[in-house]
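Engineer: Pasting the sequence and the predicted coordinates here, then a few questions.
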Amino acid sequence: MADTAVLADAPADHGDAHGEHHSSTGLSNNKLAMWLFLGSECLLFGGLISTYMLYRGRHSENLGPDQLWDIPFTSASSFVLLMSSLTMVLAVSSAHRRNLRNAKIWLAVTATLGSLFVAGQVYEFTTFYREGLGFTTSLFSSSFYTLTGFHGVHVTVGIIMLLSLVAMLSKQRVHGDKAETVEMVGLYWHFVDVVWILIFTLVYLIPA
Amino acid sequence: MSTETVDHTTEAGHAEHDEHADHGWSDGKYIQLAVILAVITGLEVYASYADWLGPAFIPSLIIMMVVKFVAVVMFFMHLKFDNKIFSWLFYAGLFLAVGVYVALLVTFQFFNR
């Protein structure tokens, strides 16, 4: 019984040292919640990707993927997002080494690369719209805009999180384990990247 | 200046953070992985223009996509170095999603015939 009490207290002590909240497993509750959230996000994007795969052939003859896609441009956007994952992991790595100055720089670079990706998506949407592909033009266009739009919103939310984190770290508003906070934002950002890895191949590279 | 030291006042805290720092790879290895991922992306784009792949075109794209996905999840997201419970949480959602939507696509295909 005494052993049980010691075991139960150990994670709590550990957590208190950092202002964290650990579960009885000794794992961070924040991290558990984030992975659970990301697992549930798989269902959301799974649904959107499946819907697109079902309807991608439902379009008029001159407004389909073959006529609209600009693969070199989208490839460049994909490269930018992929590199943002590298800068994010470098931010997490710096935070774990308690080098918050470098962590903030890498977070800012990640936000910049993310903004570049979103700007590319806005340009792409504008181009498609000018060519006549509206949201309600066809089942293909609705499912395409919904899928890529949801992803774009996720990237935008990620950018807001990154910039907020930089500001909070600068003003010393992050309480508890700063490295874990940076890691949580990093997990979200990498998830957004892996979803784009799927979208880039399934939507843009595999012909309808 | 005090940002770096404000919540690391105990030896235990330092020890824990050193342990965290041991998680994962060095920055150099992360850069190497990013280069490999960029090369795979380049190969994907090249494959989408190449006609010589024939029937292997879509399987090769899928394989490259899965390799990139797994690499980011395992190494950039630290699942390989973290507790297995996190892997279970994520893969449970992922495989549930894949299972449900494969069933959905098969059902639609079935009723379309």
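Structural biologist: Cool, the structure landed.
Engineer: which intervals of chain A have sub-threshold pLDDT?
Structural biologist: Scanning chain A for pLDDT under 70 picks out the ranges A:1-23.
Engineer: give me the low-pLDDT residue ranges for chain B?
Structural biologist: Scanning chain B for pLDDT under 70 picks out the ranges B:1-23, B:110-113.
Engineer: Tell me which residue in it sits closest to chain A.
Structural biologist: Chain A sits closest to B:G93 of chain B, with a gap of 2.5 Å, by Cβ to the nearest Cβ. All C-beta spots, glycine's among them, are computed from the backbone N, C-alpha and C.
Engineer: give me phi/psi at that residue?
Structural biologist: Backbone geometry at B:G93, expressed as degrees, to the nearest 10, gives phi -60, psi -40.
Engineer: How about the secondary structure of the closest residue to it other than its chain neighbours?
Structural biologist: Excluding its sequence neighbours, the residue lying closest to B:G93 (Cβ to Cβ, 6 or more residues apart in numbering or on different chains) is A:G39, at 2.5 Å. Taking DSSP: H, G, I helix; E, B strand; the rest coil as the rule, one finds A:G39 in the helix state.
Engineer: Against B:Y46, how distant is A:G39?
Structural biologist: According to Cβ to Cβ, to the nearest Å, A:G39 stands 33 Å off from B:Y46.
Engineer: These two: who's more crowded?
Structural biologist: Neighbour comparison, A:G39 and B:Y46: the larger count goes to A:G39, with 21 against 11 (by other Cβ atoms under 10 Å in any protein chain shown).
Engineer: isn't B:A97 right up against A:G46?
Structural biologist: Yes: with contact defined as Cβ atoms under 8 Å, B:A97 and A:G46 form a contacting pair (3.2 Å).
Engineer: picking up where we left off before, now do the contacts for the residue of chain B closest to chain A.
Structural biologist: The contact partners of B:G93, by Cβ atoms under 8 Å, 6 or more residues apart in numbering or on different chains, come to A:L36, A:L38, A:G39, A:S40, A:E41, A:C42, A:L43.
Engineer: quick revisit: now do the contacts for the residue nearest to B:G93.
Structural biologist: With contacts defined as Cβ under 8 Å, 6+ apart, A:G39 is in contact with B:L89, B:F90, B:Y91, B:A92, B:G93, B:L94.
Engineer: Could you find the closest non-adjacent residue to A:Y52?
Structural biologist: In space, A:Y52 comes closest to A:S143 once its chain neighbours are excluded; the distance is 4.3 Å by Cβ to Cβ, 6+ apart.
Engineer: That neighbour: neighbouring residues, count only.
Structural biologist: 21.
Engineer: For A:S28, what are phi and psi?
Structural biologist: Backbone torsions of A:S28, given as degrees, to the nearest 10, read phi -70, psi 130.
Engineer: partner residues bridging it?
Structural biologist: A:H22 (DSSP bridges).
Engineer: wouldn't it be in contact with A:E180 here?
Structural biologist: Yes: at 6.2 Å, A:S28 counts as touching A:E180 under the criterion of Cβ under 8 Å.
Engineer: Of these two, which one has the most company?
Structural biologist: More crowded of A:S28 and A:E180, by other Cβ under 10 Å: A:S28, with 24 against 20.
Engineer: ok, that one to B:I36 distance?
Structural biologist: Separation of A:S28 from B:I36 (Cβ to Cβ): 30 Å.
Engineer: Not counting sequence-adjacent ones, nearest residue to residue 85?
Structural biologist: In the absence of a named chain, chain A is used. Nearest non-adjacent residue to A:S85, counting by Cβ to Cβ, 6+ apart: A:D193, 4.4 Å away.
Engineer: actually it's chain B I care about, not the one you picked
Structural biologist: Sequence neighbours aside, A:L27 is the residue nearest to B:I85 in space, at 6.3 Å (criterion: Cβ to Cβ, 6+ apart).
Engineer: got the phi/psi numbers for the one you found?
Structural biologist: Note on A:L27: its backbone torsions stand at phi -90, psi 160 [degrees, to the nearest 10].
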